[in-house]
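*Asks:* here's a sequence, model it:
(2 chains)
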Amino acid sequence: MIIYFKRAIKDILDHRFLSVVTIITIAISILIASAFALFFVNVSGIVNSWQRGIRIMAYLEPNSPEIKLLDIKRKIQDIKGVQDVQFISKKEALERLKDQMKHQSSLLDDLKENPLPDAFEVRLKESFQNKDQVEMLADQVKSLSLVDDVEYGQVWLGRFTNILNLLKVTGYAMSVLFFLATVLIVANTIRLVLYSRREEVEIMRLVGATDRFIRAPFYMEGLIQGALGGMIGLAALFVLFMAISSNVEQGLTSGMFTIRFLSWETFFGILACSMFVGWIGCFLSIKQFLKQ
Amino acid sequence: MIEKQNDNSIIRMFHVHKTYGAVKALIDITLDISKNELLFISGPSGAGKTSLLKLLYYGEPVSEGQVLIDGMNLSRISYNRIPILRRKFGIIFQDYKLIATKTVFDNVAIVLEAIGKKRRFIEKKVRSVLRTVGMERSIHSLPPTLSGGEQQRIAVARAIVGDPKIILADEPTGNLDEDSADIILNLLKRYHIRGATIVIATHDKELMRKAGGRVIHLKQGQIQSTQIL
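*Replies:* Sure thing, here's the model as predicted:
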């Protein structure tokens, strides 16, 4: 193994130009693919943080008897997925509204009667904070007696879920496309390397070298070039991330969400993918080359 | 079927034909080469000398007939056993076939690396062989920086470093001046004395006269005559 590794390093140095081309090709592909991954991770994070704020407002029928409130609260609390339930009286609701309206709160001063209903604010457990579960829970709450209506931001929740799903599908599709494109580019670059070394390979065969002996350093080269390309691509991504993350954080999320870099797991996952790309590109080229 | 192999034969060709499309390169060649024999295959350009050598190391398959090399029937050889066959040979090419980007040491060492020899053994053996061919001083040189004669000596070193049973040489002195040709011939003769079978394809009559041995004359792909010098 060490001999193959040394041969691979020596071969990379002996064929610097084509090796550098291969490494740069991998680095650019990894940079683009990991930029998508970074974008996806952060958008998912933002959407998830919004989803964590999901609550169901259960508005009660006007003049619901106070004696029944405790019973309704207990029934809501018993629904699977509910974390806690808080009663908000119509008076408290009006106060909150005034609070939110701040300078326009004087508009509410002329009201002769409080038009807001009593309500329960229902917070959900984390595993239930998705569109389908929220809808199901809302239906259950709405079916209770004295509950007039429920509201949980149906429209925006639906929209964000669709956007998130679209991003997921796009992310997977882009990853597959980039993977295939990178493999093909690397395979072709390595084919150029092999072509420039065809005489060397032919001589090796003539002196009794097995295909395994010929292939091993090329595989090692593929892995090394993949690792170097991956590291360069990720390093470039990190530099770009450092340069633009603070602006994006202030501009898009108003400081409510911290844009973060890839986790160590994702980082090493991408690096492993990069090495795999180097290897598989090499594998495909040399397999075809040695058949000739 | 091929006849039972003579115990002393290391190479047997039995009614071998080789065609390239419509061109008949070799026609009905039947030939026995004994262990430790020095054999010349002579003939004009295009007579089939190189084609014959290629069939021996399975550079190309025969079109018809059978070839036996040290007990291996090449008509039935599997892809995986071709390297094992080739390790029986040391091959010297007219155009040397040295790897231009590797040093003299690496060019010779590749034979031993391919069969998995240890680094220390390789270092020792390659230096010893380069000393034998008088090229130890050029151990770190790249082949293109050497003269034709020097490159051919490196090719000889590569051919003998694995201690093969058979040396095949295709016009080994074709591009060399007389002094360089003598050096190559002497190296081959030394290795022959040590027990190897040497098969040389050449049209150099002077070389054959100096070396002695059996000469097979080829003409238009057929054996015309056999002569002992």
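*Asks:* tell me where chain A has strands.
*Replies:* A:55-60, A:82-88, A:119-124, A:147-151 (DSSP state E).
*Asks:* looking at the ones you listed, which is nearest to chain B?
*Replies:* Minimum separation from chain B across the strands of chain A (Cβ to the nearest Cβ) falls at strand A:119-124, 63.9 Å. Quick note: C-beta positions are derived from backbone N, CA and C, even for glycine.
*Asks:* so which bits of the closest one are buried?
*Replies:* A:119-120, A:122-124 (16 or more other Cβ atoms under 10 Å in any protein chain shown).
*Asks:* just send the residues you listed back as TSV, with pLDDT and distance to chain B too.
*Replies:* Listed next are the buried residues of strand A:119-124 as TSV, based on pLDDT from 0 to 100; distance: Cβ to the nearest Cβ, whole Å:
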residue	pLDDT	distance to chain B
A:119	90	79
A:120	90	77
A:122	89	71
A:123	87	68
A:124	85	64
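*Asks:* residues from the stretch 101-250 of chain A in reach of chain B?
*Replies:* Residues of the stretch 101-250 of chain A that fall close to chain B, judged by Cβ under 8 Å from any Cβ of the partner chain: A:199-200, A:202-210, A:213.
*Asks:* farthest-separated two in those?
*Replies:* A:199 and A:210 (18.4 Å; Cβ to Cβ).
*Asks:* and the two? which has more neighbours close in?
*Replies:* residue A:210 (19 against 13; other Cβ atoms under 10 Å in any protein chain shown).
*Asks:* doesn't residue B:114 make contact with the more buried one?
*Replies:* Yes - judged on Cβ atoms under 8 Å, residue A:210 makes contact with residue B:114 at a distance of 7.3 Å.
*Asks:* intersection of neighbour lists for these two?
*Replies:* Common contacts of residue A:210 and residue B:114, defined by Cβ atoms under 8 Å, 6 or more residues apart in numbering or on different chains, comprise residue B:83.
*Asks:* any of the residues of the stretch 101-250 of chain A next to chain B buried? List them.
*Replies:* A:200, A:203-210, A:213.
*Asks:* what's the local residue count around residue 149?
*Replies:* Using chain A. Residue A:149 has 13 nearby residues by other Cβ under 10 Å.
*Asks:* chain B, not that one
*Replies:* Residue B:149: 17 neighbours (other Cβ under 10 Å).
*Asks:* which stretches of chain B have low pLDDT?
*Replies:* B:1-6 (pLDDT under 70).
*Asks:* tell me which residue is most central in it.
*Replies:* residue B:168 (1.1 Å; Cα atoms, centre = their mean).
*Asks:* quick one: pLDDT of the closest residue to chain B within the stretch 51-200 of chain A?
*Replies:* Residue nearest to chain B within the stretch 51-200 of chain A (Cβ to the nearest Cβ): residue A:200, separated by 4.8 Å. Note on residue A:200: pLDDT of 85.
*Asks:* contacts only, for residue 177.
*Replies:* Defaulting to chain A. Contacts of residue A:177 (Cβ under 8 Å, 6+ apart): none.
*Asks:* chain B is the one I meant
*Replies:* residue B:149.
*Asks:* picking up where we left off before, which residue is the nearest non-sequential neighbour of the residue of the stretch 51-200 of chain A closest to chain B?
*Replies:* In space, and not counting its chain neighbours, residue A:200 is closest to residue B:99: 4.8 Å by Cβ to Cβ, 6 or more residues apart in numbering or on different chains.
*Asks:* next, count neighbours for residue A:151.
*Replies:* With other Cβ under 10 Å as criterion, residue A:151 counts 12.
*Asks:* show me where the chain has helices.
*Replies:* No chain in the question, so chain A it is. Ranges of helices within chain A are A:2-14, A:16-51, A:66-78, A:90-101, A:131-142, A:154-196, A:198-206, A:211-253, A:264-291, based on DSSP state H.
*Asks:* correction: the question concerned chain B.
*Replies:* Counting by DSSP H, the helices of chain B are B:49-56, B:82-86, B:104-114, B:119-132, B:148-160, B:178-193, B:205-211.
*Asks:* who's in contact with the second one?
*Replies:* Outside of helix B:82-86, the residues that reach it under the criterion Cβ under 8 Å, 6+ apart are A:205-210, B:57-58, B:69, B:72, B:74, B:77, B:114.
*Asks:* show me what from chain B comes close to chain A.
*Replies:* Residues of chain B lying near chain A (Cβ under 8 Å from any Cβ): B:57, B:59, B:80, B:82-87, B:89, B:91, B:97-99, B:101-102, B:110-111, B:113-115, B:119, B:158, B:162.
*Asks:* could you pull up phi and psi at residue B:70?
*Replies:* When read as degrees, to the nearest 10, the backbone of residue B:70 gives phi 50, psi 40.
*Asks:* state the distance from it to residue B:89.
*Replies:* Going from residue B:70 to residue B:89 by Cβ to Cβ, to the nearest Å gives 10 Å.
*Asks:* settle it for me: which of the two has more neighbours?
*Replies:* Higher neighbour count among residue B:70 and residue B:89: residue B:89, with 25 against 16, using other Cβ under 10 Å.
*Asks:* from what I can see that one touches residue B:56, true?
*Replies:* Yes - at 7.4 Å, residue B:89 counts as touching residue B:56 under the criterion of Cβ under 8 Å.
*Asks:* overlap in contacts of these two?
*Replies:* The contact lists of residue B:89 and residue B:56 share B:166, B:168, where a contact means Cβ under 8 Å, 6+ apart.
*Asks:* quick one: contacts for the closest residue in space to residue A:185 that isn't next to it in sequence?
*Replies:* With Cβ to Cβ, 6+ apart as the criterion, residue A:185 has its nearest non-adjacent residue at 5.1 Å, and that residue is residue A:25. Applying Cβ under 8 Å, 6+ apart to residue A:25 gives the contacts A:182, A:185-186, A:189, A:229.
*Asks:* quick check: bridge partners of residue B:34?
*Replies:* Beta-bridge partners recorded for residue B:34 (DSSP bridges): residue B:9.
*Asks:* what's the most distant pair in the contacts of helix B:82-86?
*Replies:* Maximum pairwise distance among these (Cβ to Cβ): 20.1 Å, between B:74 and B:114.
*Asks:* what about residue B:139, how many neighbours?
*Replies:* By other Cβ under 10 Å, 16 other residues sit near residue B:139.
*Asks:* ok, it touching residue B:129?
*Replies:* No - in terms of Cβ under 8 Å, residue B:139 does not count as a neighbour of residue B:129; the distance is 10.7 Å.
*Asks:* any idea how far the residue nearest to the spatial centre of chain A is from chain B?
*Replies:* With distances taken as Cα atoms, centre = their mean, residue A:41 lies nearest the centre of chain A, 3.0 Å away. Counting by Cβ to the nearest Cβ, to the nearest Å, the separation of residue A:41 from chain B is 44 Å.
*Asks:* thinking again about what came up before, okay, and the common contacts of residue B:70 and residue B:89?
*Replies:* Looking at what touches both residue B:70 and residue B:89 (by Cβ under 8 Å, 6+ apart), the common residues are B:165-166.
*Asks:* what about chain A, any weak spots by pLDDT?
*Replies:* In chain A, residues with pLDDT under 70: A:50-52, A:102-103, A:105-106, A:108, A:154-155, A:157, A:249-257, A:292.
*Asks:* so who does residue 184 touch?
*Replies:* Picked chain A for this. Residue A:184 touches residue A:281, counting by Cβ under 8 Å, 6+ apart.
*Asks:* to clarify, I was referring to chain B.
*Replies:* B:149, B:152-153, B:156, B:172-173, B:176.
*Asks:* next: residue A:243.
*Replies:* No contacts exist for residue A:243 under Cβ under 8 Å, 6+ apart.
*Asks:* list the contacts for residue B:61?
*Replies:* Going by Cβ under 8 Å, 6+ apart, the list of residues near residue B:61 reads B:55, B:74.
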